[in-house]
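**Q** quick one, fold the following:
(one chain, ligands or ions: 1)
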Amino acid sequence: MSEHEELLAELRALRGYVTELEESGMELIPLDIAEPPPEMAESVVVPIAAESEPVYAPAPVTEPEGLDSIRLEMGECHRCQLGDGRTNLVFGVGNPRARVVFVGEAPGHDEDLQGEPFVGEAGQILNRVITRMGLDRQEVYICNVIKCRPPGNRNPQPTEIEQCQPFLLRQLRAIAPEAIVALGTFAAQTLLNTKEPISKLRGSFHDYCGIPLMPTFHPSYLLHNRKNTDLFWLVWDDMVQVLKKLGLPVPDVQRKGR
Ligand code: SF4
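**A** Numbering: from 1, shown residues only. This next block holds a predicted model:
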């Protein structure tokens, strides 16, 4: 008998042995009781029932908190006085798995009425910036540090920031973006816990809880200084850095008027 024929005979013998055990109800052949046919040189542990239940269930995986559950927990929030004067709580909008999140200060008049951030004239400017980047509004996530409109668009007070900011942090953890764009002085100073002016903060990345954060001018500031095209290009320079950070192509934009 050739070596090949011997091997085939051994395999046939092993298969018959396993079939016999399977028919007798055994699901596993432990080493210490396995008695292979004499032609088998070594005993082995052979799982017969491939789909048998595992002995130990895997440890439960903790699901990351979702945006829906954060919003649910906020409910009709009145944790600070801004809850009393708002029309709508403006939570945020966009892709819950966005690679980049834009964070502004607080809702304005239009946002308060519609319940969505950046929907007024400043929102149009932000949309243009996002489109220029080769992205669209549904692809990114947009929200504010403060979720309810301060009366008369005044600056949010420290106690209001203290009550509301934890929700932003949870939103950012749930989304886990690769970059954050802080729009304007208030958002940048609040998130970075600094008093540095936006003109000094912008232009380079900072760290926010391990996420690269790029401060840039607020779209409202661009709106009120629309004749100053240099400001637009400074914002564009910041966005180019964000695109590079994300490994996305940088659109070729002609700089007229420079
Ligand atoms: S601003 Fe924030 S903390 Fe204050 S009521 Fe609105 S959601 Fe609640």
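**Q** please enumerate the helices of the protein.
**A** Along the chain, counting by DSSP state H, helices occupy 3-23, 67-74, 82-85, 109-114, 121-132, 158-175, 184-192, 198-201, 219-224, 229-246.
**Q** least reliable of these going by mean pLDDT?
**A** Sorting the helices of the chain by mean pLDDT places helix 3-23 lowest, at a mean of 57.
**Q** ok, which residues in the protein are in contact with the ligand?
**A** Selection of the chain residues close to the ligand by Cβ under 6 Å from any ligand atom yields 74, 77-80, 82-83, 89, 146-148, 160, 163-164. Quick note: C-beta positions are derived from backbone N, CA and C, even for glycine.
**Q** I'd like to know which of those is nearest to P215.
**A** Nearest to P215 among the residues of the chain next to the ligand: I146, at 17.0 Å, using Cβ to Cβ.
**Q** burial check on the closest one, number of neighbours?
**A** 27 (other Cβ atoms under 10 Å).
**Q** list the residues that contact N127.
**A** By Cβ atoms under 8 Å, 6 or more residues apart in numbering, N127 lies in contact with F118, R137.
**Q** and what of I161?
**A** V145, I146, T190.
**Q** still on that earlier bit, filter the residues of the chain next to the ligand down to the buried ones.
**A** 74, 77, 79-80, 82-83, 89, 146-148, 160, 163-164 (16 or more other Cβ atoms under 10 Å).
**Q** out of the residues you listed, what pair is the most spread apart?
**A** Pairwise over those, using Cβ to Cβ, the maximum falls at M74 and E160, 14.2 Å.
**Q** what lies in contact with stretch 79-92?
**A** 67, 71, 74, 76-78, 107, 111-117, 141-144, 146-151, 156, 159-160, 163-164, 171.
**Q** is it true that V129 touches P219?
**A** Yes - with contact taken as Cβ atoms under 8 Å, V129 and P219 are classed as touching, separated by 7.2 Å.
**Q** who's more crowded, the two?
**A** Each of V129 and P219 has its neighbours counted (other Cβ under 10 Å); P219 has more, 24 against 20.
**Q** quick one: S199 and the ligand, what's the gap?
**A** S199 is 28 Å from the ligand, where distance means Cβ to the nearest ligand atom, to the nearest Å.
**Q** likewise for T87?
**A** 12 Å.
**Q** hmm, back to that, out of the contacts of stretch 79-92, which are buried?
**A** 67, 71, 74, 77, 107, 111-112, 116-117, 141-144, 146-150, 156, 160, 163-164, 171.
**Q** tell me how this structure divides into domains.
**A** 1-48, 67-246 (automatic domain parsing).
**Q** okay, the ones you listed, which one's buried deepest?
**A** domain 67-246 (a mean of 18; mean count of other Cβ atoms under 10 Å).
**Q** gap between the two ends of that domain?
**A** End-to-end distance for domain 67-246: 22 Å, by Cα to Cα, to the nearest Å.
**Q** same deal with stretch 123-142?
**A** Stretch 123-142: ends 10 Å apart by Cα to Cα.
**Q** check stretch 173-192 too.
**A** Stretch 173-192: ends 16 Å apart by Cα to Cα.
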